[in-house]
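# Next one to model:
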Amino acid sequence: MATTDPNFQAYVDSEKGEIGDSSDDEEVENPSEIQPRFFRTPSVDLVPSAARVAAARRRSSARAESLRREKSTGAASPESVKLRSPSIHEAREERGNRSEQYVGDTTIKTAYEPLEPDDQEVIRFGGPYTLKDLKNELSGLCTLQTLQRKLPITRWLPKYSREDFKGDLVAGLTVGLTVVPQCLAYAQIADIKLEFGLNSAYMGCFCYALFGTSKDVTVGPTAILSLLTGAFIHREHGLEGKSAILLCFLVGCFQLMMGFLRLGFLMNFISTPVVSGFTQAAVIVIILSQIKNMMGVSFGSAKDNVMETLAGYWNKLPATNGWDVLVGCVCITLLLLMRELRVPAWKASNGRTHPPKWWDAAKEFVRLVNVSRYAIVVVVATVFEFVMEYCGQRYLSVTGKVDAKISAPEVPDFHLGGWYQFGEILTHFGSSLVLVPLLATMESMAVAKTFAHKFRYNIDVTQEFIALGAANVVSSFFGSYPVTGAFTRSALQAESGARTSMACIVTGTFVIIAIMSLSSVFQYIPKAALAAVIICACLTMFDFQIFRELWLIRKSEFFVLVLTMSMCLFLRVEYGLLIGLAVSLAMIIYPMARPVVIVRQRRRELIPSTPRLNQYTIHVTPQSSLFFPASENLKEIFNDQLFTIPVNAYSSPRESMVGNGAMALPGKEMAKASNAEMREALPPIVFDGLHLTSSDYSTLRALRSVYVNCKVAHRDIEFINTSDEILDLIMPFREKKQRNTGNNSL
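Sure thing, here's the model as predicted:
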């Protein structure tokens, strides 16, 4: 096999993404130790085994030889190049039919089969969804692959093992100990009864286990969704609970619609600065709203902004309960200490290189204390309050009676007890019907993608929409408010060794058992303990690094972040989010209405003593695609003073002449170039149409207007890098001879 230049070989390898470090002696973590086989779908660049590296070298060398031959012989002939342009469905099917290699006990899904020399493989990504793509999708509905894709549990359940169950059982119980106190605390953020938080913690887990594609995501209430729910629901006539349930149902319907219609791209219009600004402000609002529970006072609602909340604290300061403050501070201190609790690494001493068994047991005990810290603190505070009440002393503010039970499914009330018509309810919800599902899906998708990358498996974005939509719709029948994938609990589930989505089922079952057996104990939970849980959970959501990065890289996005955060704090969170979205979208739309167009004046120094008009040109080069918002601005550019400055040069009578009153000569004299004389004339225009391939009709009509104006003024304008189809719209009077000869100037 021919040797290749090392730099060229490295370039080919980096372009193919096949190998990063080709060292065979590098210790590689075995994916089979991380997750079960049916969730292990690593890409080629993530498992650099010796056999795969050798295969990658062979493929890279073959491709390098092909590239060298093309470079030495010029462009390949049409007979030697095989172009394949499959549709989206065919490309996906081809990617699904990758070959498998077996290295030891590890199954590796390799990339495409190596191409023969002088072959090309063309795959279309993006673009419009064609009728052929739709036909291919419909033809593949009744297949086993489609069933496994739409119901992922059928993919891993037949291969489920005892080892998988052990890992899922530990992870599910660990998350269950955290989710029970958290869902009670998050119900406080939404300012609704605590039983709605418990009802939100189990049915969503069951649905996601059936339809979800991530083994690490656990579904339930979150702080951000609880804040948005409390801001949008009806609070008149005691309808908070029914309104929250109906909102959960409508959010699920919207997510299902986005999943079935593949509208996930709408999430891409919510920029990171907007989300970060909203999140930072929401964390501040949530923490401020929970301080009153640590003070033992009550005022305001979840719709209050920061200024209203601070004013409420000032008025209620004399009514502060010192016992609540003490318990809240102690709970926060314990939570922060247990979060940092670690066992130091074992250091070999006295000839002993391995730690004793009790050392491993101590590490496991500390880990369990760390992951169960929320449950431990709430249980200790509840026992303390129960003992105090048993002794006839009541110093703390408690949650009161919690009507927690597993009831039969019930259809959400679409009229809220007859107080409102359904249309009025939709009007009241307003933007929440779009914002809540989008933010919920974005939060869950970020969690799923994070752990999919970490543990080397794939997720289906469309299926995630369907899974979250089903979770919200079904949960609403059991008295839930909107739920989504929670990052803290998902991280805890991943760290606890979850191997499949069965861990979600274990978590949901644990919550049901807790509701059925501990409902009478929930009334003794101090509000200060739940407030401490919320505050400590929200502290990890602060992101100070993004402020510095945006300030250094792009100050316009820094302005969007600060604006969104300020509006959320000083108005209301939903208003601030809408304002941030509007400004962010305006920053996207403005470059479309005012695209960058470079105009250059050029003069070719051919014969300085006898300058001709064709030596002077004005080059117009758009730097991006042009769309209809830019059509009027494009015409204004050609009216700029730069285009009206004449030059003194030799020009024939057919060219534009200004300043001396000369007119274009009719008849045969138009073609007499020998009659050129020194005149004052407008230089010709050269327009680069490279970016006109995706322009719309309005933009081409604007260019047609520019062309007609130049023709009326007898001024030359030439279009380069422009297809004949576009020229036929811009220059409708082109002669057939000009089209055949490729002359695009008049």
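
# going forward, measure contacts and count neighbours with C-alpha atoms only.
OK.

# And stretch 290-307, what's buried?
Across stretch 290-307, burial judged by 16 or more other CA atoms under 10 Å covers 290-297, 301-306.

# ok, and what's touching it?
Contact partners of stretch 290-307, identified using CA atoms under 8 Å, 6 or more residues apart in numbering, comprise 189-191, 227, 230-231, 285, 288-289, 309, 312-313, 316, 319-322, 324-325, 327-328, 396-397, 527-529, 531-532, 534-535, 568-573.

# what about it, start to end distance?
15 Å (CA to CA, to the nearest Å).

# How about stretch 470-481?
With CA to CA, one end of stretch 470-481 sits 13 Å from the other.

# give me the number of residues near residue 428?
14 (other CA atoms under 10 Å).

# got the contact list for it?
232, 234.

# Over to residue 279?
Listed by CA under 8 Å, 6+ apart, the contact set of residue 279 reads 224, 541-542.

# do the same with residue 484
Taking CA under 8 Å, 6+ apart as the test, what residue 484 contacts is 219-222, 440-441, 443-444, 468.

# got it, and residue 178?
371-375, 489.

# how about those residues in CSV, adding distance to residue 456, pLDDT and neighbour count?
Shown next, in CSV, are those (distance: CA to CA, whole Å; pLDDT from 0 to 100; neighbours: other CA atoms under 10 Å):
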residue, distance to residue 456, pLDDT, neighbour count
371, 24, 80, 21
372, 27, 83, 22
373, 29, 87, 21
374, 30, 87, 28
375, 31, 86, 20
489, 20, 86, 23
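
# Give me the subset of those residues lying in helices.
Using DSSP state H, the subset of the contacts of residue 178 located in helices is 371, 373-375, 489.

# Looking at these, which is nearest residue 266?
residue 489 (26.5 Å; CA to CA).

# Hmm, residue 221 and that closest one touching each other?
No: Residue 489 is not in contact with residue 221 according to CA atoms under 8 Å; the separation is 10.5 Å.

# By neighbour count, sort out the buried ones in the contacts of stretch 290-307.
Buried by 16+ other CA under 10 Å: 189-191, 227, 230-231, 285, 288-289, 309, 312-313, 316, 320-321, 324-325, 327-328, 396-397, 527-529, 531-532, 534-535, 568-573, out of the contacts of stretch 290-307.

# Can you verify my assumption that residue 443 contacts residue 485?
Yes: between residue 443 and residue 485 there is a contact under CA under 8 Å: 6.7 Å.

# Show me which of those two is the more surrounded one.
Higher neighbour count among residue 443 and residue 485: residue 485, with 27 against 19, using other CA under 10 Å.

# who touches that one in this structure?
Counting by CA under 8 Å, 6+ apart, residue 485 makes contact with 217-220, 222, 440, 443-445, 447.

# Report the buried residues of the helix or strand in which residue 581 is found.
Residue 581 belongs to helix 573-593 when elements are defined using DSSP states H and E. Within helix 573-593, the residues scored as buried using 16+ other CA under 10 Å are 573-581, 583-584, 592-593.

# same for that helix, what does it pack against?
Applying 3 or more CA pairs under 8 Å, 6 or more residues apart in numbering; DSSP states H and E, we find helix 573-593 packed against helix 223-232, helix 272-295, helix 555-570.

# Low-confidence stretches in the stretch 301-450 of the chain?
Within the stretch 301-450 of the chain, the segments meeting pLDDT under 70 span 302, 351.

# next one: the stretch 601-746 of the chain
Where the stretch 601-746 of the chain drops to pLDDT under 70, the residues are 604-610, 652-676, 733-746.

# And the strands in it, which stretches?
Under the criterion DSSP state E, counting those that start in this stretch, strands of the stretch 601-746 of the chain are mapped to 616-622, 647-651, 677-681, 685-688, 717-720.

# chain center to the last one: distance?
Relative to the mean C-alpha coordinate of its chain, strand 717-720 is positioned 42 Å out (CA atoms, centre = their mean, to the nearest Å).

# likewise the fourth one?
Computed by CA atoms, centre = their mean, the chain-centroid distance of strand 685-688 equals 40 Å.

# again, but for the third one
Relative to its parent chain, strand 677-681 has a centroid offset of 60 Å by CA atoms, centre = their mean.

# partners of that strand in the sheet?
Next to strand 677-681 in the sheet, as set by DSSP bridges, lie strand 647-651 (antiparallel).

# who touches the partner strand?
Residues from elsewhere that reach strand 647-651, judged by CA under 8 Å, 6+ apart: 610-613, 676-683.

# in the helix or strand residue 324 falls within, what's buried?
Assigned by DSSP H and E, residue 324 belongs to helix 322-339. Neighbour-count burial for helix 322-339 flags 323-325, 327-332, 334-335, 338-339 (criterion: 16+ other CA under 10 Å).

# cool, stretch 492-507 as well?
For stretch 492-507, by 16+ other CA under 10 Å, it's 492-494, 496-507.

# which one of the contacts of strand 647-651 sits closest to residue 277?
residue 683 (51.3 Å).

# Look up how far residue 600 lies from the closest one.
From residue 683 across to residue 600, the span is 12 Å (CA to CA).

# quick one, which of the two is more surrounded?
Higher neighbour count among residue 683 and residue 600: residue 683, with 30 against 13, using other CA under 10 Å.

# my read: the more buried one touches residue 611, true?
No: with contact defined as CA under 8 Å, residue 683 does not reach residue 611; the gap is 11.9 Å.

# Cross-check the contact I'm expecting between residue 289 and residue 309.
Yes: taking contacts as CA under 8 Å, residue 289 lies within contact range of residue 309: 7.2 Å.

# Good, we can wrap up now.
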